[in-house]
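Visitor: predicted coordinates and the sequence they were generated for:
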Amino acid sequence: MHECPNCHRVLPEPPGRFCPYCGQELLPVPAAPWTPPSAPPAEVPAPPAPPAPPWGPPPPRASGGSGPTPWDLRHQIGIAAALVETTKQVLTTPTLFFRNMAVTGGIGGPLLYAVIVGYLGLLATAIYDAILRGVLGNPFGYFRGGDELERLFTSVHWGANLAVQVLLGPIFVVIGLFVFAGITHLMLLLVGGAKSGFEATLRAGAYSEAAMLLGVVPVCGSLLSAVVFIVIAIIGLGEAHGIGKGKAALAVLLPFLLLCCCCGVTLGAMLGGLASVLGRAS
């Protein structure tokens, strides 16, 4: 809206050269300055989702997870908490644990975990065994001449065995783990299941050592820990290599089957030889 500078009356739109009311010549009306169109208001970003626990289950994958396990975060959450959480996950939800486990990244961390839990289980088994043998006496019947001498021999024998387990237990755990991983990985190669390398096999075996803590169960702890170890190892190998549980079970159980077959053949040959000798003697 424009006004006449002389009479100050509102001019019609568009204004002409002269004011229609007073006839005064009008000055050119300046054009309104150009302003760029206003940009649409920016969208307010949604607040970030709260971080998930560091050991929470990851999305499904084919093989070879990349998320950290509780044991990988031991420097942040503490060794004791990492040990308890890792052991709980391995024993209660092994599929999710091994699905989350990275198959590379070094063997030092998993090996340390295996030594700790394996040594604790080995120590508990050795202590129970020493106590049981001390109560039952010498099972081999040595020195039957006197009860005191027999008890002394039994105490010395199983005491020495306990001392060896205490001093050399970590070495036994490491040797046993590498022997298991080497034989199992060879079996995986034979059945076409070694898809993630030897480190994945070793890591699965190392975390499966959590089953050794079941050795604290009196009397049947050794048998229970062995059975649970085999089950967890089969699950771990299947997830680490991205193979079916059948191939993983075959890789774990095949050495035992071969050993049983060899023992059966050897025993059969010995019995056959003994029967032949007895037949000729008669």
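Guide: Nice, I can see it.
Visitor: go ahead and confirm A206 touches G106.
Guide: No: A206 lies out of contact with G106 (Cβ atoms under 8 Å); the separation is 11.5 Å. All C-beta spots, glycine's among them, are computed from the backbone N, C-alpha and C.
Visitor: more crowded one of these two?
Guide: A206 (27 against 10; other Cβ atoms under 10 Å).
Visitor: Provide a list of residues in contact with that one.
Guide: 107, 110-111, 113-114, 177 (Cβ atoms under 8 Å, 6 or more residues apart in numbering).
Visitor: what does A81 give?
Guide: Counting by Cβ under 8 Å, 6+ apart, A81 touches 70, 74.
Visitor: that one: which element?
Guide: helix 79-92 (DSSP states H and E).
Visitor: can you give me the buried ones in that helix?
Guide: 82-83, 85-87, 89-90 (16 or more other Cβ atoms under 10 Å).
Visitor: and for stretch 238-248?
Guide: Buried residues in stretch 238-248 (16+ other Cβ under 10 Å): 238-243, 247-248.
Visitor: re earlier: could I get the buried residues of helix 79-92 as JSON lines with distance to D129 and pLDDT?
Guide: Converted to JSON lines, the buried residues of helix 79-92 look like this (distance: Cβ to Cβ, whole Å; pLDDT from 0 to 100):
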{"residue": "A82", "distance to D129": "30", "pLDDT": "93"}
{"residue": "L83", "distance to D129": "24", "pLDDT": "94"}
{"residue": "E85", "distance to D129": "30", "pLDDT": "94"}
{"residue": "T86", "distance to D129": "27", "pLDDT": "94"}
{"residue": "T87", "distance to D129": "23", "pLDDT": "94"}
{"residue": "Q89", "distance to D129": "29", "pLDDT": "93"}
{"residue": "V90", "distance to D129": "25", "pLDDT": "94"}
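Visitor: tabulate the residues you listed (TSV), appending distance to I171.
Guide: Below are the buried residues of helix 79-92 laid out as TSV (distance: Cβ to Cβ, whole Å):
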residue	distance to I171
A82	24
L83	20
E85	27
T86	22
T87	22
Q89	27
V90	23
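Visitor: remind me which residues of the stretch 151-282 of the chain are low pLDDT?
Guide: Across the stretch 151-282 of the chain, the ranges flagged by pLDDT under 70 are 151-159, 161-162, 279, 281-282.
Visitor: quick one: the helices in it?
Guide: For the stretch 151-282 of the chain, the helices defined by DSSP state H, counting those that start in this stretch occupy 198-208, 221-241, 245-281.
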